[in-house]
Structures are given as structure tokens and as C-alpha cells.
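Trainee: Dropping the sequence and predicted coords here.
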Amino acid sequence: MRNKCSLKKALSMKNLKKTWICYIFILPMLIYVILFNYVPMYGIQLAFKDFRASSGIWDSPWVGFKHFNTFFHSYQFKDLLSNTLGLSFYSLIAGFPMPIILALFLNYVHNKRIKKISQMITYAPHFISTVVYCGMILIFLSSDGVINQILMHLCGQSVGFLSNPANFKHIYVWSGVLQNIGWGSIMYISVLTSVGSELHEAARVDGANMFKRLIHIDLPTLMPTMVIMLIMRTGEIMDLGFEKAFLLQNNLNLDYSEIIPTYVYKIGILGGQFSYSAAIGLFNNVVNLILLIVVNRISRKISDISLW
């Protein structure tokens, strides 16, 4: 046993000497993750304390699950949770397949000029900041905006896109799809480039049309990447970010646009209730973690593809 252990140690040290340069490249990323992901976890204890700036985090009184109970019994809890989950699942259902469809479409465009122009047009919106993008949405969809002017010429009447609260979810989701469809397709396009042209040539010889090649060659190639991306997207189901929802909010759509991130921003940053907002944020992250673990296990059992 001792000989085996010493042999394993010798082999591991030998491998370490051979691959030490790889660990050097990994080191900056490890430092980054530790500093900006693990060190801030020190603040999680805020969720279980009644934070007072004069006392600091350590000396603030411990209150246990008081803030969680307050949030769960709040009259806003059901509305916040339903709005957050509704937007998240709508974004997932609408946004997840679109980059895949675009990547498959671009893969069959043989004219290089048309392909480059299409990629440039679909990639460009991703690089517009959220503030500017939301400003453009508000201008275009206003009562005297470009969209309503076109509708006035075509139909003779305008549509209250921003005044109708039920439109908020559609505006939020489909503007997000438009902004990120090109960027999201990059990974799928790179996977499709790994498919050898010999497979398609052989399929053509056997009489397979474009649709059959797409079903039997391209989609099976994309499947592992699709599953991994779906797992990761599901793990972020509650992580919408407050910027876009907050910028598109108004007094008319508040019942539909108030989600957990915007609520945390208002009560935490603006209202100064740091412990209460920390408790809500922790609840949000725990739900994301549970969803990630559950979906990952289901994927591993069904398709043998998982994150770990």
C-alpha cells in the first residue's frame, strides 16, 4: 500500500511539473473568482441580522429568519414571485430557441456577403447599453413614435404599447430576444463549423434534402451544447437584473413590471433596508441553485449530459 501511495505521489508530482504552465494560466481566474465571488459571501450574514451602520456587520444584533418571514408574509410576495417567474419563463421559452434557429439559418447561407451582413445586423444590438436600448424602446413605442406613425398610415389608429400594462411582458421579452439573438448564436455557429462537409456531401448523395440534413446531422451535433446552455439558463431563471425592468417601468404597468430585483433595489438602496433586501436576495439565489441542481440531475438521467 505504501509503495502504491508513493508511486501515485511521484506520478502526480511528475504530471504537475509537466503541466505547471497550465496552472499559471488558471491562477488569475481562481484569484478573480475568490475575490469577487467568494469574499463577498461574507455579507450573507446581513440577511440574518438587523444591520446598523454604527455597529457594523459583526456587532449588529442577530435576528435569525425574521426578514425571511417578513418577506414571505408580505402582501407583495405573491405578486413579486409571479411577475419574476412569469418574465423568466417567458424569456426562456421565447429566447432560448431563437439563437439556435438563427445559427441553423446562417449555417445554410452560402453567400458570404449576405451571411456577414446578417451577422453584423443581429450582433449589433447586443453592444448597445441597456439604458440606451430602453430609451430607444420608449421612443419607438410612444404614442407619437415611429411604430405608431406607421400604424396610423396603415391602419388609421395607434396602439397604446406603453399605456397598456399587459404589453409590458411582451415588450420586455421580445426586445431582449432582438438584442441578444445574434450574440447567443455565436456558440452554436462555432459548433456547426466543426461538422465535416463530408457528412453533408454523403447525405446529399443519399438523397437527403436540407431539412433532413438539419434534423439528422446539425441538431444532433448541437444537442450537447443546447442541453448545457439550457441548464445554465434555468439556473439563472430568477436572475433577471433590475436595470431593464426598472427603466421600462411606469405608474401604469407597475403591477406587471415590479419584480424581485427592482423591489430589492428600491427597499435596499433607496429605502436603506439592507438586511431585508439581503434576505430577499439570498432567497432569490437559493431558488436559482435548487433549480440548477434539479435540472442538471434530470438532464443527467435523461441524456447523460450534465454540468457535473
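Mentor: Yes, it's here.

Trainee: C-terminal to the lowest-mean-pLDDT helix or strand in the chain, which secondary structure element comes first?
Mentor: Among the helices and strands of the chain, helix 2-33 carries the lowest confidence by mean pLDDT, DSSP states H and E, at a mean of 73. Elements were assigned by DSSP states H and E; along the chain past helix 2-33, the next helix or strand is helix 56-59.

Trainee: Just give me how far that following helix sits from the chain centre.
Mentor: Centroid separation between helix 56-59 and its chain, computed with CA atoms, centre = their mean, to the nearest Å, is 34 Å.

Trainee: Please apply the same query to stretch 301-308.
Mentor: The mean C-alpha position of stretch 301-308 is separated from the chain mean by 20 Å, CA atoms, centre = their mean.

Trainee: what does it rub up against?
Mentor: With contact meaning CB atoms under 8 Å, 6 or more residues apart in numbering, stretch 301-308 is reached by Met223, Pro224, Val227, Ile228, Ile231, Met232, Leu292, Asn296, Arg297, Ser299, Arg300. C-beta coordinates here come from the backbone N, C-alpha and C atoms, glycine included.

Trainee: would JSON lines of those residues with distance to Ser257 be doable?
Mentor: Converted to JSON lines, the contacts of stretch 301-308 look like this (distance: CB to CB, whole Å):
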{"residue": "Met223", "distance to Ser257": "36"}
{"residue": "Pro224", "distance to Ser257": "36"}
{"residue": "Val227", "distance to Ser257": "32"}
{"residue": "Ile228", "distance to Ser257": "31"}
{"residue": "Ile231", "distance to Ser257": "28"}
{"residue": "Met232", "distance to Ser257": "26"}
{"residue": "Leu292", "distance to Ser257": "26"}
{"residue": "Asn296", "distance to Ser257": "31"}
{"residue": "Arg297", "distance to Ser257": "33"}
{"residue": "Ser299", "distance to Ser257": "32"}
{"residue": "Arg300", "distance to Ser257": "36"}
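
Trainee: List only buried entries from the residues you listed.
Mentor: Buried subset of the contacts of stretch 301-308 (neighbour count, 16 or more other CB atoms under 10 Å): Val227, Ile228, Ile231, Leu292, Asn296, Ser299.

Trainee: now the first one, nearest residue through space, not along the chain?
Mentor: Closest residue to Val227 in three dimensions, ignoring its sequence neighbours and counting by CB to CB, 6 or more residues apart in numbering: Ile305, at 4.5 Å.
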